[in-house]
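Chemist: 3D, please:
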Amino acid sequence: MAVITLTTDLGHKDFYQAALKGSLLTQLSDVNIVDITHEIPAFNIPRAAFVLGNAYHYFPKGTVHIIGINTLFHEESKYIGMKYKDHYFVGADNGIFSLLLNGNEPQELYELNLMQDLRYLHFPLADILSKSACHIAKGGKLKDVGTPMHQLIEKVTLQPIFDKDMIRGNVIYVDAFGNAITNISKDLFNKVQKGRNFVLYFKRNETITNLSWHYNEVGEGEKLCLFGISNYLEIAINKGNASQLLGLHDDDSNVIRIEFKD
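Modeler: So this is what the prediction gives:
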């Protein structure tokens with residue numbers, strides 16, 4: 001059975017999400033539609049890229065991922081179909097594809113050229129994007145619904161800075177449990193740490209000096225840091241909300257500093 005996932009900022013209050021799913025089912029009645037999330041803040045491309053980038057590889061190869069972030073039509077709009085790591089992605093060329101690729105090359109990249117229904121210019125998710133997704137899910141080729149392209153709109157996200165004894169990063173995502181996820185990757189941490197002790201400093205002069213393997217490694221209500229399934233450093237509280245209790249939110253003001261000592 002074909003699988004199509006949805007990552008959007010449509011929320012759950014309005015009829016837009018239902019309209020999108022109805023459009024997909026009308027074209028492909030036996031498709032398996034999976035919601036990754038509809039709770040991306042409106043037009044927040046970096047957030048969508050983080051969530052989808054950490055979720056898509058758990059799905060079977062050949063899955064089609066619809067990206068419904070900032071897809072509103074304007075005269076220079078481009079809609080993209082991309083194959084990457086044997087997954088397919090369709091969405092607007094607004095920078096999210098460059099974030100998903102993270103410097104890597106796609107297997108295929110096409111500008112979708114299906115004729116748009118003028119009735120849906122304001123809602124391309126239910127038109128050109130759903131049509132393209134269903135075409136691929138049925139076994140169709142990207143080349144049949146698009147023209148090759150080689151240049152994407154580039155978007156960059158806040159990156160950590162580091163030297164041989166320090167890493168400075170930021171909180172980029174807070175999950176439903178209040179865990180504050182930073183932009184400091186496990187690879188970068190290991191590269192700079194080189195087996196040394198460290199002190200992690202963050203808001204309110206808080207510090208952490210040990211890396212945990214799991215959340216229950218400390219007592220209930222105690223703070224910890226670990227690398228979760230995203231492979232980025234998290235600051236958490238065992239059975240507590242680190243974001244609320246420690247004042248950690250996903251904005252540029254939450255600087256995380258790690259110092260390494262021999």
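Chemist: could you give the number of residues near Lys85?
Modeler: Residue neighbour count, defined by other CB atoms under 10 Å, stands at 12 for Lys85. All C-beta atoms are positioned from the backbone trio N, CA, C, and that covers glycine.
Chemist: what sits against it?
Modeler: Contacts for Lys85 were tallied using CB atoms under 8 Å, 6 or more residues apart in numbering; they are His57, Lys61, Gln107.
Chemist: rerun that using 7 Å as the cut-off
Modeler: For Lys85, the contacting residues are His57, taking CB atoms under 7 Å, 6 or more residues apart in numbering as the criterion.
Chemist: how near is it to Lys143?
Modeler: Noted for Lys85: a distance of 19 Å to Lys143, by CB to CB, to the nearest Å.
Chemist: now swap in Asn113 and tell me
Modeler: 10 Å.
Chemist: more neighbours, these two?
Modeler: Asn113 (15 against 11).
Chemist: quick one: contacts for that one?
Modeler: Taking CB under 7 Å, 6+ apart as the definition of contact, the neighbours of Asn113 are Val145, Gly146, Thr147.
Chemist: any idea how far Leu101 is from the first one?
Modeler: So the one you mean is Val145. As judged by CB to CB, Val145 and Leu101 stand 20 Å apart.
Chemist: ok, now Gln244?
Modeler: In this structure, Gln244 and Leu101 are separated by 34 Å, where distance is defined by CB to CB.
Chemist: with neighbour numbers in mind, choose between those two.
Modeler: It is Leu101, of Gln244 and Leu101, that has more neighbours when counted by other CB under 10 Å, with 19 against 12.
Chemist: OK, contacts around that one?
Modeler: For Leu101, the contacting residues are Tyr84, by CB under 7 Å, 6+ apart.
Chemist: how far away is it from Tyr173?
Modeler: 19 Å.
Chemist: please apply the same query to Glu39.
Modeler: According to CB to CB, Glu39 and Tyr173 sit 12 Å apart.
Chemist: and Asn94, how far from Glu154?
Modeler: Computed as CB to CB, the Asn94 to Glu154 distance reads 11 Å.
Chemist: which residues in the stretch 51-200 of the chain form strands?
Modeler: When secondary structure is read from DSSP state E, counting those that start in this stretch, the stretch 51-200 of the chain shows strands at 64-68, 79-84, 87-92, 108-112, 146-148, 161-163, 166-174, 180-185, 197-202.
Chemist: could you list the domains of the protein?
Modeler: Structural domains assigned to the chain are 3-148, 161-261, following the TED database.
Chemist: how about CSV for the ones you listed, with mean pLDDT added?
Modeler: Compiled in CSV, the domains of the chain are given as follows (pLDDT from 0 to 100):
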stretch, mean pLDDT
domain 3-148, 93
domain 161-261, 94
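Chemist: just to revisit the earlier point, neighbour count winner among Asn94 and Glu154?
Modeler: Using other CB under 10 Å, the more surrounded residue of Asn94 and Glu154 is Asn94, with 23 against 10.
Chemist: burial of the spatially closest residue to that one that is not a sequence neighbour, as a residue count?
Modeler: By the measure of CB to CB, 6 or more residues apart in numbering, the closest residue to Asn94 outside its immediate chain neighbours is Asn70, 4.9 Å from it. Using other CB under 10 Å, Asn70 has 17 neighbouring residues.
Chemist: residues in contact with Asn70?
Modeler: Under the criterion of CB under 7 Å, 6+ apart, the contact list for Asn70 reads Phe43, Ile45, Ala92, Asn94.
Chemist: among those, who's most crowded?
Modeler: Counting neighbours by other CB under 10 Å, Ala92 comes out on top of the contacts of Asn70 with 25 neighbours.
Chemist: beta partners of that residue?
Modeler: For Ala92, the beta-bridge partners under DSSP bridges are Tyr79.
Chemist: still on that earlier bit, quick one: which of Glu39 and Tyr173 has more around it?
Modeler: For Glu39 against Tyr173, the residue with the higher neighbour count under other CB under 10 Å is Tyr173, and the figures read 18 against 15.
Chemist: just list whatever residues bridge to the more buried one.
Modeler: Here Tyr173 sits in beta bridges with Ile181, as judged by DSSP bridges.
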